[in-house]
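**Student:** Got a predicted structure here, sequence first:
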Amino acid sequence: MRAHIAACALKLFQQDGYAAISMRRLAQEAGCTAMTLYKYYDNKFDILSALWAEVFGRLFDELGRVAITKSDPEARLYAVALGYVSYWLEHQEHYFMVFMSGGVSQADVTGFVSGSETLARFDLLHTCLRAALGGDVSAEGLRLKTELLSCMLNGIAHNLITIGGYPWSAPEKLVRQAIDGLLTG
């Protein structure tokens with residue numbers, strides 16, 4: 001039932017947006033009572049965060065498979081970074097649900113990030129970057145470069161998805177430039 005409710009919520013969130021959906025409407029779509037929803041989820045954001053966790057789980061499972069195919073650290077970093085951007089380009093409906101859901105508070109997002117395994121999964125970027133840099137960077141510098149990598153990859157995905165009228169360079173070129181800048185700058 002939990003999976004059925006999540007599937008119905010995903011459909012409604014993508015169709016009408018998170019902010020427009022009430023628990024009552026979701027219950028109707030799922031063919032149950034609102035009380036049944038609360039048996040499985042505490043609130044609407046609890047459902048959304050479960051969907052986010054599922055999306056990030058799929059993303060990082062895929063990136064993990066990509067990472068093990070590359071023995072060269074720089075090639076691994078590039079493949080993982082490109083895989084990250086490509087995932088969002090191929091799953092734009094998930095991108096919008098994760099990064100552009102209206103009606104989600106900063107406190108909700110902070111709670112999701114700090115209370116989930118998702119943040120730990122982002123360590124893959126850190127690990128790949130550290131290996132590509134070869135230990136030539138301080139812990140503070142590595143943290144900064146890892147945060148910058150995350151910002152760059154999200155920015156590339158965001159612009160390619162939301163500003164379609166601009167003639168962007170290919171994702172491969174944008175990611176390569178971002179990686180080259182991190183490794184040499």
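**Tutor:** Thanks, I have it.

**Student:** In the helix or strand hosting residue 77, which of the residues would be classed as buried?
**Tutor:** Assigned by DSSP states H and E, residue 77 falls within helix 73-90. The neighbour-count check on helix 73-90 (16 or more other C-beta atoms under 10 Å) flags 73-74, 76-88 as buried. Heads up, the C-betas are built off the backbone N, CA and C, glycines and all.

**Student:** Distance of the residue positioned nearest the centre of the chain relative to residue 42?
**Tutor:** Here the mean C-alpha position of the chain is nearest to the C-alpha of residue 56 (C-alpha atoms, centre = their mean), at a distance of 5.1 Å. In this view, residue 56 and residue 42 are 20 Å apart by C-beta to C-beta, to the nearest Å.

**Student:** where do the helices sit along the chain?
**Tutor:** Here the chain has its helices, by DSSP state H, at 2-16, 23-30, 34-40, 44-67, 73-90, 92-99, 106-114, 118-121, 123-133, 139-162, 171-184.

**Student:** Turn those helices into a markdown table, including mean pLDDT.
**Tutor:** Listed next are these as a markdown table, based on pLDDT from 0 to 100:
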| stretch | mean pLDDT |
| --- | --- |
| helix 2-16 | 93 |
| helix 23-30 | 95 |
| helix 34-40 | 94 |
| helix 44-67 | 95 |
| helix 73-90 | 98 |
| helix 92-99 | 94 |
| helix 106-114 | 87 |
| helix 118-121 | 87 |
| helix 123-133 | 96 |
| helix 139-162 | 97 |
| helix 171-184 | 97 |
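
**Student:** contacting residues around the closest residue in space to residue 9 that isn't next to it in sequence?
**Tutor:** Using C-beta to C-beta, 6 or more residues apart in numbering and skipping the chain neighbours, the partner closest in space to residue 9 is residue 47 (4.7 Å). With C-beta atoms under 8 Å, 6 or more residues apart in numbering as the criterion, the residues that contact residue 47 are 5, 6, 9, 26, 41.
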